[in-house]
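In: Got a predicted structure plus its sequence, pasted below:
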Amino acid sequence: MTETASLYSLFASSFLAATLLPGGSEAILFAVLRKYPDTLWMSLGLATLGNTLGGMTSFFMGWLIPQKELKHVEKVRHYGTPALLLAWAPLIGDAFCLAAGWLRMSIWQSALFMAVGKFARYALIAFSVNHL
């Protein structure tokens, strides 16, 4: 696989991994960086962008769900958009994104907190590649 194809695959897998579909992109990021270490910042950027856009897809799906009172979702409102720093976390991350949309939280703040959390997770993985 070429460098360009690897980066496209990384973007696609990071997008899909952040939607309600099952999957992970961490192994692909790791593999891309092992094979093409000079793509560190491009890989981090594409993985973060793809994963954030996937999270925002879940956010907008939540926006489409009719509102009614749900106590466990209201806990997300208590913590606000900073809760989306955990949007990368398995299982709960997708639920947080969906809940934030359902709660009609700020689109821009939600995207920002998602991106920061997702970048931090990918950065930990990326920089660990150099130490293996």
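Out: Sure, I can see it. Numbering: from 1, shown residues only.
In: With adjacent residues omitted, what lies nearest to Lys35?
Out: Ser6 (6.8 Å; C-beta to C-beta, 6 or more residues apart in numbering). In this view, the C-beta of every residue, glycine as well, is placed from N, C-alpha and C.
In: now the residue sitting nearest the centre point of the chain: how far from Gly45?
Out: Centroid check for the chain by C-alpha atoms, centre = their mean gives Asn51 as the closest residue, at 3.5 Å. Plainly put, Asn51 is 11 Å away from Gly45 if you go by C-beta to C-beta, to the nearest Å.
In: what does the strand or helix carrying the residue nearest to the centre of the chain contact?
Out: Taking DSSP states H and E as the criterion, Asn51 maps to helix 40-64. Defining contact as C-beta atoms under 8 Å, 6 or more residues apart in numbering, one finds that helix 40-64 is touched by 7, 10-20, 25, 29, 32-33, 36, 84, 87-88, 93-94, 97-104, 107, 110-111, 114-115, 118-119, 122-123, 126.
In: Which entries within those residues meet the buried criterion?
Out: 7, 10-19, 25, 29, 32-33, 36, 84, 87-88, 93-94, 97-103, 110-111, 114-115, 118-119, 122, 126 (16 or more other C-beta atoms under 10 Å).
In: so after the lowest-mean-pLDDT helix or strand in the chain, what's the next helix or strand?
Out: Ranked by mean pLDDT, DSSP states H and E, the helix or strand of the chain with the weakest confidence is helix 71-79, at a mean of 70. Using DSSP H and E, the helix or strand that follows helix 71-79 in sequence is helix 92-102.
In: I'd like the distance from that next one to the chain centre, please.
Out: 11 Å (C-alpha atoms, centre = their mean, to the nearest Å).
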